[in-house]
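Q: Structure for this input, please:
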Amino acid sequence: MQEYIQPVQNNAHLIAQLDCLCGFTQLAKENKYVAPELNDSTDIFIKNGRHPVIEKQLPLGEAYIANDVSLDRNSQQIIMITGPNMSGKSAILRQTALIVLLAQMGSFVPAESAQIGYVDKIFTRVGASDNISMGESTFMVEMNETASILNNLSERSLILLDEIGRGTSTYDGISIAWAISEYLHEHPARAKTLFATHYHELNEMAATFDRIKNFNVSVKELKDNVLFLRKLTPGGSEHSFGIHVAKMAGMPQQVIAKANKILKKLEKSHSNEELTEKISSSQDDMQLSFFNLDDPLLEEIKEEILHLDIDTLTPVEALMKLNEIKRLLSKKKKATS
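A: Numbering: from 1, shown residues only. Below is the predicted model:
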C-alpha cells in the first residue's frame, strides 16, 4: 500500500485545483464577473467594482451601486473618503481589497473591467477590537496594527485604513490621522492607500499634498430624511449625519432633539474659534520676518533637530524629516514673499 500514497496525494491535489477552478467558473458565470488584466505596473483601476458578498445579500430586485476606484503612485496615491455613517465607505474599501485578491488568485472579478498591477501585500486596519486579557484597549490594538503597516509597506502594497484615530479624543485622533497620511504620502514607497474617515479636517490635506485626493460617498438630503446614494464622487464631505443614523436606530425622540440642539451650539462655537485662530495666525505671519533669529518657526526647527536621536534614525526617517523641515521653510518663504 505504501507505493500508492504518493499517487493518491497527487491525484487529490489535482482534483482540488480542478474543483477550485470550476468554482471560479461557476461564480463568474452566475454573477457576471469579468477577466481582470494583471500587469507589471503599480497602478490599480477598477471600473464599476462591486462587493461580491454584499451584492448577494441585497433584497430581490435591488441592484448593487457599483463604484470606480483608481490608484497610482504618481498622481492619485491616497484617496481620502469622507461621507455619512452607513453610506458605504467601508464597503468600498473592502470590495477593492477583495477584487485585487480575487484577481491574483486567478478568479474573474465583480466589475465591468479591472487593470491591476500585482500587489505584494494588502494591509487593512478596519473594524474595532480589543485584547482585554493582554491589557490592550481598542485604541492600542488599532495603533499596533497601524504601526505594523507603516513599518512593513512597499511600493506594491495596497493599504486600507478605516476611521484611524477614532478610539481617542477628537484632536488626538485628527493629529494622528493627519500624521499617518503625511507619512504615507512622503514615504519613498508611495504605497497606494484608501483612507475612510469622519475627520473632515483631513480634506485640507489635498491642498498641500499633491497625491492626496478627496472623494465622498454621496447622499441626497430631503426635508426630514437622508437618502444614501452610495456613489463615490470627487470632493470632500462636511457632514456625518450621525444623529440621523441614531434616529433610524430607534433612539428616543427626546434624545434626538437634544442632540440636534447641542450639535448646533458646538458647530457655532467651533466655527467661531476657527475664525479667530485663522485671523490671529494670519496677523502673526504678517509680522514675522523669515530672517529673524527669534522667529518661532526657526526655533521650532532648532528644537526638532536638537531632539533627533541620530543613532536610531533610519535613512528613510532622516529623508522624511529633512523633507518636513524643507516644507516648513517653503511655507514660511511663501508667507513672507
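Q: And the strands in the stretch 201-337 of the chain, which stretches?
A: Here the stretch 201-337 of the chain has its strands, by DSSP state E, counting those that start in this stretch, at 212-221, 226-234.
Q: of all the ones you listed, which lies closest to Ile262?
A: strand 226-234 (19.2 Å; C-beta to C-beta). Every C-beta, even on glycine, is put in place using the N, C-alpha and C of the backbone.
Q: So for the strand or helix carrying Gln6, what gets flagged as buried?
A: Assigned by DSSP states H and E, Gln6 belongs to helix 5-31. The neighbour-count check on helix 5-31 (16 or more other C-beta atoms under 10 Å) flags Phe24, Ala28 as buried.
Q: Specify the next element, helix or strand, located C-terminal of that helix.
A: Next in line after helix 5-31, if elements are assigned by DSSP H and E, sits strand 37-39.
Q: so what strands line up beside the next helix or strand after that following strand?
A: Downstream of strand 37-39, the first helix or strand assigned by DSSP H and E is strand 44-49. Strand 44-49 sits in its sheet next to strand 67-71 (antiparallel), strand 113-117 (antiparallel), going by DSSP bridges.
Q: Tell me where the stretch 101-250 of the chain has helices.
A: For the stretch 101-250 of the chain, applying DSSP state H, counting those that start in this stretch gives helices covering 138-152, 170-186, 242-248.
Q: Let me have those helices in TSV, adding mean pLDDT, mean neighbour count and distance to Gly61 as columns.
A: Conversion of the helices of the stretch 101-250 of the chain to TSV gives the following (pLDDT from 0 to 100; neighbours: other C-beta atoms under 10 Å; distance: least, C-beta to C-beta, whole Å):
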stretch	mean pLDDT	mean neighbour count	distance to Gly61
helix 138-152	90	16	38
helix 170-186	90	17	39
helix 242-248	81	16	22
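Q: Reformat those helices into JSON lines and put distance to Leu60 next to each item.
A: Shown next, in JSON lines, are the helices of the stretch 101-250 of the chain (distance: least, C-beta to C-beta, whole Å):
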{"stretch": "helix 138-152", "distance to Leu60": "37"}
{"stretch": "helix 170-186", "distance to Leu60": "40"}
{"stretch": "helix 242-248", "distance to Leu60": "22"}
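Q: Distance to Gly49 and mean pLDDT added to the strands paired with strand 44-49, as CSV?
A: Formatted as CSV, the strands paired with strand 44-49 follow (distance: least, C-beta to C-beta, whole Å; pLDDT from 0 to 100):
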stretch, distance to Gly49, mean pLDDT
strand 67-71, 6, 97
strand 113-117, 7, 97
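Q: could these go into CSV alongside distance to Lys47 and mean neighbour count?
A: Converted to CSV, those look like this (distance: least, C-beta to C-beta, whole Å; neighbours: other C-beta atoms under 10 Å):
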stretch, distance to Lys47, mean neighbour count
strand 67-71, 5, 20
strand 113-117, 5, 20
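Q: And those: which comes nearest Glu163?
A: strand 67-71 (18.5 Å).
Q: Please list the outside residues in contact with the helix or strand following the closest one.
A: Per DSSP H and E, the first helix or strand lying C-terminal to strand 67-71 is strand 78-82. Outside strand 78-82, the residues within contact range by C-beta atoms under 8 Å, 6 or more residues apart in numbering are 69, 71, 89, 92-93, 181, 184-185, 192-198, 200, 202-203, 205-206, 209, 211-217, 232, 236-238.
Q: gap between strand 78-82 and the chain center?
A: Put simply, strand 78-82 sits 6 Å off its chain's centre (C-alpha atoms, centre = their mean, to the nearest Å).
Q: partners of that strand, with directions?
A: Its sheet considered, strand 78-82 pairs with strand 192-196 (parallel), strand 212-221 (parallel) by DSSP bridges.
Q: just to revisit the earlier point, now do the same for the helix holding Gln6: mean pLDDT, whole number.
A: For helix 5-31, mean pLDDT rounds to 95.
Q: same check, this time on stretch 249-267
A: On average, stretch 249-267 scores 85.
Q: Run through who's touching it.
A: By C-beta under 8 Å, 6+ apart, the list of residues contacting stretch 249-267 reads Ile243, Ala246, Lys247.
Q: Go again with 6 Å.
A: Ile243, Lys247 (C-beta atoms under 6 Å, 6 or more residues apart in numbering).
Q: Buried residues, that stretch. List them.
A: Buried residues in stretch 249-267, counting neighbours by 16+ other C-beta under 10 Å, are absent.
Q: how about the CA coordinates for it, as CSV?
A: In CSV, the C-alpha atoms belonging to stretch 249-267 read as follows (Å, rounded to 0.1, in the frame of the first residue of the first chain):
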residue,chain,number,x,y,z
ALA,A,249,-31.9,53.1,15.1
GLY,A,250,-34.9,54.0,17.2
MET,A,251,-33.3,56.4,19.6
PRO,A,252,-36.0,58.2,21.7
GLN,A,253,-37.2,61.5,20.1
GLN,A,254,-36.2,63.4,23.2
VAL,A,255,-32.5,62.3,22.8
ILE,A,256,-32.5,63.2,19.1
ALA,A,257,-33.9,66.7,19.7
LYS,A,258,-31.4,67.3,22.5
ALA,A,259,-28.5,66.0,20.3
ASN,A,260,-29.5,68.4,17.5
LYS,A,261,-29.5,71.4,19.9
ILE,A,262,-26.1,70.5,21.3
LEU,A,263,-24.7,69.9,17.7
LYS,A,264,-25.8,73.4,16.6
LYS,A,265,-24.2,75.0,19.6
LEU,A,266,-20.9,73.1,19.1
GLU,A,267,-20.8,73.9,15.4
